[in-house]
Every structure is written in C-alpha cells, then in structure tokens.
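Asks: sequence below, structure please.
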Amino acid sequence: MVGVSPSELGGTQVRRAAWTFTLVGLGVLACTTVAAVLAHALTHRDWAVTLGLVGVAAVWLLGMLEVFPRRQDWRLVTVYYAGLLLLGTALVVRDGTFIAFAAVGYPFAFALLRPRWSFFGVAATAVLPLLVIYGFEPEPAVPLWVLLLSVCAPLLHAGWLVGTESEKRRRANAELAASLRESAQLQAQLLRHARESGVAEERRRLAGEIHDSLAQGLSGVVAQLQAAERTGADTVAHRKHLTRAKTLARDSLTEARRSVLALCPEALDRGGLPDALSELGRTWSADSSVPVTVRVHGAPVPLATGTETALYRAAQEALHNIGKHARATRAGISLSYVDNVVLLDVHDDGAGFEPARCRVRGDGTGFGLRAMRRRVESLGGTLTVESEPGTGTTINLQLPLVRESEGGPA
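Replies: Numbering: from 1, shown residues only. All right, here's what the predicted structure looks like:
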C-alpha cells in the first residue's frame with residue numbers, strides 16, 4: 001500500500017483494510033502475551049502491569065478502525081502511530097518476547113503514513129526496541145551506533161527513493177488529470193465549433209437552394225413581364241409573355257414548396273438526371289430562344305440525391321448566366337459517366353468574361369458561381385471555369401460517382 005492515495009480505495013475496501021490491520025495486530029498481541037506467560041514466571045504485580053499494558057495496546061489497536069479511514073489527517077495519524085510505538089516499546093521493556101508485537105509497526109507505517117514518511121516510521125519501529133534491549137545489555141557485542149547505522153541507513157535511503165517515485169507519480173497523475181480536463185474543454189470547443197460550422201453550412205446551402213430555384217424563377221418572371229411591356233398592349237406576343245410569366249411564377253412557387261420539403265429539384269422526381277437536364281434545356285431554350293444541345297455519354301446510372309441535385313443546379317445556374325450575360329447564339333450540356341466519376345460540361349459561344357473578376361455584388365447577383373463551387377466541393381468534387389472575353393465560356397464539373405444504392409449526402 002506504499003504510495004496509495006486514500007481516494008484510490010473505495011469505502012468497502014477501506015473498512016475491510018482497517019479490520020484486517022486491526023485483527024492482525026490483536027492476533028500478534030495475543031500470541032506474544034501467551035508466549036510471555038509461558039516463558040516467564042512473573043509475579044502478580046508484574047502480571048498486573050504487563051496485562052494492563054496489553055489491555056491498553058488492545059484498545060489502541062481497535063482505534064485503527066477510526067484512524068485508517070481518516071489517514072489523510074496527518075496529525076491524527078502521527079499521534080496514533082507514536083502511541084503504538086510507545087506501547088510496543090513499553091511492552092518490550094516488560095518482556096523481550098513482546099518485540100514480536102512491536103514489529104506490527106512495520107505494516108502500520110506503510111498503511112498510515114505517507115510514502116516518504118513511512119520509512120521513517122519503519123526506522124523508528126526498528127530502533128526503539130534496539131535501544132531498549134541495549135539499555136539492558138551490560139556488554140553488547142556490537143556498538144550501538146554501528147547497529148543503528150546498519151538498520152536505519154538502508155531503510156531511510158529506501159524510503160527516500162520510494163517517496164521520490166511516489167511524488168513523481170502523484171505529479172504525473174495531477175498532470176494527467178489536468179490534461180484530461182484540457183482535453184474535455186477542447187472537445188467541448190470542437191463540438192461547439194462543429195455545431196456553428198454546421199449551422200453556417202446549412203445557411204449557405206439554403207442560400208444556394210433559394211438562389212437556384214426562387215431567384216432564377218423570379219428573374220424569369222421579371223424578364224417576361226419586361227418583354228410584355230415592350231410588345232405593347234393586347235397582342236399575341238404580349239399574351240405569350242404574360243402566360244410565360246404566370247407559368248414561371250407557378251413553377252417558382254412549386255419549387256419554393258419543394259425546397260421546404262426536400263430541397264430537391266422537382267424535375268429529378270419525374271425522371272433521372274439525363275431526362276431532367278433535357279427538360280431543363282428545352283424549357284430554357286424556349287424562354288431564351290437560344291438552341292441548347294444536351295448529350296449524355298456512357299451508361300446512365302441512378303446517382304445519390306445530393307450528387308444529382310448538385311449537377312442539375314449547376315446546369316441550371318450556368319444556363320441562367322448564359323441567358324443573362326453571355327449574348328450567346330448556342331449552348332450545350334454534356335453529361336458523362338466515366339468509371340468512378342461523373343462529369344458535367346456546360347458551354348456557350350457568348351461574350352465570355354474573366355473568372356478572376358467574378359464577385360458577389362451588392363444587389364445579390366454574382367452569388368451563383370460561388371454557391372455552385374461550394375456545393376460541388378462539399379461533395380468532394382471540383383469546378384473549373386474556362387472563359388475569356390470574346391471566346392465563350394465552359395464550366396466543367398467533376399463529382400465522385402456515388403450510386404443511389406450507396407447512399408450519400410442528400
């Protein structure tokens with residue numbers, strides 16, 4: 001039990017240990033008393049004194065039941081252990097047989113005293129009986145100082161070493177406890193940052209969904225109404241633009257409800273991604289009067305919802321930008337299933353631009369390309385824009401091919 005902190009023992013273990021030490025001490029006391037009686041014919045007065053000391057020692061040993069659970073109180077432990085040494089020494093004075101009882105000071109020292117001080121208790125347990133024996137020895141064979149040095153020096157040195165190791169362990173335990181507390185704090189911070197990051201990412205995703213569905217639809221409504229104003233009142237073209245504006249408004253409303261429910265384009269529910277892109281191309285071409293060619297390469301496979309949504313939204317955003325900025329005469333969409341990746345290319349022969357100068361503007365425009373890139377990168381893909389003024393624009397997307405059966409982000 002050297003170096004064992006009191007906190008390392010449970011309540012039941014403490015009580016069991018206290019009873020063990022007490023019973024061992026009482027057993028040794030009883031045995032040495034019987035041995036002393038059998039070995040020496042003592043007078044009645046001698047018996048009275050000796051048995052009185054034995055009775056006091058027995059009561060003192062029972063005190064272990066109270067002292068051991070409170071061994072953190074060094075004052076109480078010191079008084080109790082000193083009393084035990086004095087009683088053992090007094091009994092040795094009465095009869096040398098009781099030196100066996102005095103030896104209980106060894107285990108009691110390790111049980112009660114702190115690791116470094118326990119060896120001082122052991123040294124005292126060894127020295128006091130020797131002093132008594134030498135006091136009654138007329139001509140000792142070995143000088144007392146030699147005997148004391150030979151007994152105490154190794155004990156004190158060993159005690160110092162054990163105490164040093166115990167102190168190192170105590171410090172290591174304290175450092176470990178501090179490290180665990182710091183780790184718990186860091187974990188709490190990481191969880192908090194993860195929650196905040198998740199909230200921010202969800203906000204960006206919702207912003208992208210709103211931009212891809214509502215903003216584009218409403219932008220189309222505005223464009224059709226402006227065209228209707230330019231054609232004049234109650235003409236065929238005028239009614240056509242109004243009809244188209246109403247259709248776009250209804251579609252935007254449907255997409256808004258759809259976004260709230262699943263944040264997934266409605267066109268993907270009516271068919272696979274190739275059909276949805278073909279429908280997107282036809283609708284956009286009818287609205288913009290710019291022909292669009294949609295090609296599919298490789299064998300189409302059902303993809304995870306998040307992958308199909310990202311590809312569809314990217315094509316939708318690219319066509320929206322072509323109609324709004326490119327002044328193109330033709331456009332094309334190419335969808336390719338290649339090994340473990342799926343590729344999407346959207347190109348036009350329009351005015352082109354400098355991608356490095358693409359920024360989000362104060363009126364909310366310019367957000368689409370950045371949202372598109374963020375969506376693709378969140379799925380482990382890449383997006384590149386190839387464009388120069390006067391040479392048209394090509395947007396290339398590459399995403400891991402995650403099948404619908406394999407799951408994946410929604």
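Asks: would you map the helices across the stretch 151-300 of the chain?
Replies: Defined through DSSP state H, counting those that start in this stretch, the helices belonging to the stretch 151-300 of the chain, from first to last, are 216-231, 236-261, 266-270, 273-288.
Asks: mean confidence for the longest one?
Replies: Helix 236-261 comes out with an average pLDDT of 67.
Asks: which of the residues in stretch 288-301 are buried?
Replies: Judged by neighbour count (16 or more other CB atoms under 10 Å), stretch 288-301 contains these buried residues: 288, 290, 292, 294, 296. Quick note: C-beta positions are derived from backbone N, CA and C, even for glycine.
Asks: and what of stretch 385-395?
Replies: 385, 387, 392, 393, 394, 395.
Asks: so how far is that stretch from its chain's centroid?
Replies: Averaged C-alpha coordinates place stretch 385-395 at 46 Å from its chain's average position (CA atoms, centre = their mean, to the nearest Å).
Asks: which residues of the stretch 251-400 of the chain fall in strands?
Replies: If you assign secondary structure with DSSP state E, counting those that start in this stretch, the strands in the stretch 251-400 of the chain sit at 292-297, 331-338, 341-348, 382-387, 393-400.
Asks: of all those, which lies closest to residue 305?
Replies: Each of the strands of the stretch 251-400 of the chain was checked against residue 305 via CB to CB, and the shortest separation belongs to strand 393-400, namely 12.7 Å.
Asks: who does the closest one pair up with?
Replies: strand 341-348 (antiparallel), strand 382-387 (antiparallel) (DSSP bridges).
Asks: next, the angle strand 331-338 makes with it.
Replies: Computed by axes from the mean of the first three to the mean of the last three CA atoms, to 10 degrees, the angle separating strand 393-400 from strand 331-338 equals 20 degrees.
Asks: from residue 201, how far off is the residue at minimal distance from the centre of the chain?
Replies: The C-alpha lying nearest the average C-alpha coordinate of the chain belongs to residue 187 (CA atoms, centre = their mean; 4.4 Å). When CB to CB, to the nearest Å is applied, the distance between residue 187 and residue 201 equals 20 Å.
Asks: and this structure, what are its domains?
Replies: Recorded structural domains for the chain (assignment: automatic domain parsing) are 6-141, 272-410.
Asks: related to what we said a few turns ago, closest to residue 59 out of the strands paired with strand 393-400?
Replies: The nearest among these, by CB to CB, is strand 382-387 at 85.6 Å.
Asks: any idea which of the strands of the stretch 251-400 of the chain gets closest to residue 356?
Replies: With CB to CB as the criterion, residue 356 lies closest to strand 382-387 of the strands of the stretch 251-400 of the chain, at 9.6 Å.
Asks: which residue packs closest to residue 368, ignoring adjacent ones?
Replies: Closest residue to residue 368 in three dimensions, ignoring its sequence neighbours and counting by CB to CB, 6 or more residues apart in numbering: residue 317, at 4.4 Å.
Asks: ranges for the strands of the stretch 101-250 of the chain?
Replies: Going by DSSP E, counting those that start in this stretch, the stretch 101-250 of the chain shows no strands.
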